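Enquirer: Dropping the sequence and predicted coords here.
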Amino acid sequence: MPAVLRGAAPNRAKPRAKVPASSKARKPAKTQERAYQPAKLGAARGVGLSPKHALISAAAVLGVVGLAALVTGHRAEQLATGVNHSMAQRMGGLGFRLKAVHVQGASPMATADILKATGAYKDEPVMDLDLEALRQRVKAVGWVKEARVIRLLPDTLVLAVEERKQLAVWQSGGISHVIDETGFVIPEANPMLFPNLPLIVGAGANEFAAQILPEVMSRPRLAERVEALVRVDNRRWDLRLKDGSLIQLPAVDEAAAFLQLEQLDQRSRILELGFERIDLRDPSVVAVRPRDGALPGQLVANGV
């Protein structure tokens, strides 16, 4: 038996020499690199598509999907609408339901018509309200010039409106309307409820009322006596007074005619004395026709 020296290592097989890395050893590294590529592009390699071609194909698919959505009536939008409606219903279950509608900037008469036009009802899911559609309905009310709709969570709507200013009652073809300063007819307004508005009569009177009325209203002695302003041939005005008198204005330069009338009244108090007609159509001549059947001793204005 051979002797074994104390401390000597037992006889072991010699380790194999390290073999230099070959090209075959590097292949797993390439496989690892491909693992970082997007899955869709990686799948495209399997069918022979380059990354560039894969991106082009994806874009084409998206385009087809978008076109299909348009052709089929925006089903994606309909789906989103359905989701929103479902969420609104769920929030309604949590107390987000309509309890109050406040109208700001409107008279009591206008407020009633505005509330009716909204179509909103109590306990309706407040998140399900289409605010723009509601605003359009409010703005369609004749009283309303402009409108804003504000949703105050959890349960309130605020309708902030600018009401049309009622200018006059316009009578044409035997029918009376309330108009605003632009001549717009307010269909919901009952003329019988506006006895203090001036009365204008005749075709086209509504279009020119905003020009003549300030001239009349700025002269209190005249304004308190006027019964109606009558549009003649849609070119000029006659003023009919409450006592039956008539003042004929020219087709142009009405301001100068009113100045002549004021001067005449200052000299002779013609508006108090009464007359049948004052003709101001010719700026060079003021013709006054006295009233027939004047009482004995009554003063009659018969010219300037």
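Expert: The structure has been received and is ready for your questions.

Enquirer: Pull the residues that contact the helix or strand where residue 227 lies.
Expert: In this assignment (DSSP states H and E), residue 227 forms part of strand 226-232. When contacts are defined by Cβ atoms under 8 Å, 6 or more residues apart in numbering, strand 226-232 is touched by residues 171, 198-205, 208-209, 212-213, 216, 237-242. For glycine as for every other residue, the C-beta is placed from the backbone atoms N, C-alpha and C.

Enquirer: For stretch 143-156, report the contacting residues that lie outside it.
Expert: Outside stretch 143-156, the residues within contact range by Cβ under 8 Å, 6+ apart are 95-102, 106-107, 109-110, 113-114, 126, 129, 131-132, 134-135, 138-139, 157-164, 180, 186, 188-189.

Enquirer: Please repeat the previous calculation with a cut-off of 7 Å.
Expert: By Cβ atoms under 7 Å, 6 or more residues apart in numbering, the surrounding residues in contact with stretch 143-156 are 95-100, 102, 106, 110, 113-114, 126, 129, 131, 134-135, 138-139, 157-164, 186, 188.

Enquirer: Sort out which of the contacts of strand 226-232 are buried, if you could.
Expert: 171, 198-202, 205, 208-209, 212-213, 216, 237-241 (16 or more other Cβ atoms under 10 Å).

Enquirer: picking up where we left off before, take the strand holding residue 227, keep the C-alpha atoms, and write them as CSV.
Expert: This file holds the C-alpha atoms of strand 226-232, laid out as CSV (Å, rounded to 0.1, in the frame of the first residue of the first chain):
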residue,chain,number,x,y,z
VAL,A,226,-99.6,110.5,-26.5
GLU,A,227,-102.0,107.6,-27.0
ALA,A,228,-100.2,105.9,-29.9
LEU,A,229,-97.4,106.3,-32.4
VAL,A,230,-98.6,105.3,-35.9
ARG,A,231,-96.3,104.2,-38.6
VAL,A,232,-97.4,105.7,-41.9
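
Enquirer: tell me which residues in it are buried?
Expert: 226, 228-231.

Enquirer: For residue 252, state which of those is nearest.
Expert: Ranking the buried residues of strand 226-232 by separation from residue 252, with Cβ to Cβ as the measure, puts residue 231 on top at 14.8 Å.

Enquirer: Now the nearest residue to the closest one once chain neighbours are set aside: phi and psi?
Expert: If the residues on either side of it in the chain are set aside, residue 231 comes closest to residue 202, at 3.4 Å by Cβ to Cβ, 6 or more residues apart in numbering. Phi and psi for residue 202, reported as degrees, to the nearest 10, are phi 110, psi 160.

Enquirer: re the thing from before, which members of the buried residues of strand 226-232 are the farthest-apart pair?
Expert: That would be 226 and 231, which, of the buried residues of strand 226-232, are the farthest apart (Cβ to Cβ) at 14.0 Å.

Enquirer: I'd like to know which of the contacts of stretch 143-156 are buried.
Expert: In terms of neighbour count (16+ other Cβ under 10 Å), the buried residues within the contacts of stretch 143-156 are 96-98, 106, 110, 113-114, 126, 129, 134-135, 138-139, 157, 159, 161, 163-164, 186, 188.

Enquirer: All set now, cheers.
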